[in-house]
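Asker: Structure of the sequence below:
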Amino acid sequence: MLNEFKEFIARGNVMDLAVGVIIGAAFGKIVDSVVNDLVMPVVGAITGGGFDFSNYFLPLSANVTAPTLAAAREQGAVLAYGNFITVLINFLILAWIIFLLIKLVNRARTSLEREKPPAPAAPPPEDIQLLSEIRDLLKQRA
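Answerer: Numbers count the residues shown, from 1 in each chain. Alright, predicted model coming up:
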């Protein structure tokens, strides 16, 4: 069983997946920073005079009176719509970047395929080739 596990781990797909997850996590941090440090302050300034957009919430219980989301969560149930909007914008930016990367990769593949000379046609099977030779010989005799 240990040998089977080693073979499973050593397969290329598993290693590719591991690399993808690690790079994806690092890329997610970059997108989080873009959203939290660049986009959301601008959105917050436009919508509320410089407030942190992720601190917008609706209290769901009467005893919630805190000014920040973290403090409000300690007091009771809240609907953290500002935090959700921040995460949604984060997702949309990430999805857009991935879309652009895939589009770029597809364009590069297409241009590489155009540069390759066409593959030579596969020779016909031996029986078809022999029948063609017989046909040609019969035509020559007729």
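Asker: where along the protein do the strands fall?
Answerer: For the chain, the strands defined by DSSP state E occupy 58-59, 78-79.
Asker: Give me the helices and strands touching the first one, please.
Answerer: Of the remaining helices and strands, those touching strand 58-59 by 3 or more C-beta pairs under 8 Å, 6 or more residues apart in numbering; DSSP states H and E are strand 78-79. Any C-beta I mention is one placed from the backbone N, CA and C, and that applies to glycine too.
Asker: hmm, who's touching the strand it packs on?
Answerer: For strand 78-79, the external contacting residues (C-beta atoms under 8 Å, 6 or more residues apart in numbering) are 57, 58, 59, 60, 64, 69, 72.
Asker: about what we covered before: out of the strands of the chain, which one sits most buried?
Answerer: strand 78-79 (a mean of 16; mean count of other C-beta atoms under 10 Å).
Asker: What pairs with it, parallel or antiparallel?
Answerer: The pairing partners recorded for strand 78-79 under DSSP bridges are strand 58-59 (antiparallel).
Asker: for the strand it pairs with, what is the average pLDDT?
Answerer: Here strand 58-59 scores 88 as its mean pLDDT.
Asker: got it, and stretch 82-96?
Answerer: Averaged across stretch 82-96, the pLDDT comes to 83.
Asker: Please point out which parts of it sit buried.
Answerer: Along stretch 82-96, these residues count as buried under the neighbour rule (16 or more other C-beta atoms under 10 Å): 82, 83, 85, 86, 89, 90, 93, 94.
Asker: ok, now how distant is the fifth one from residue 44?
Answerer: This points to residue 89. 12 Å (C-beta to C-beta, to the nearest Å).
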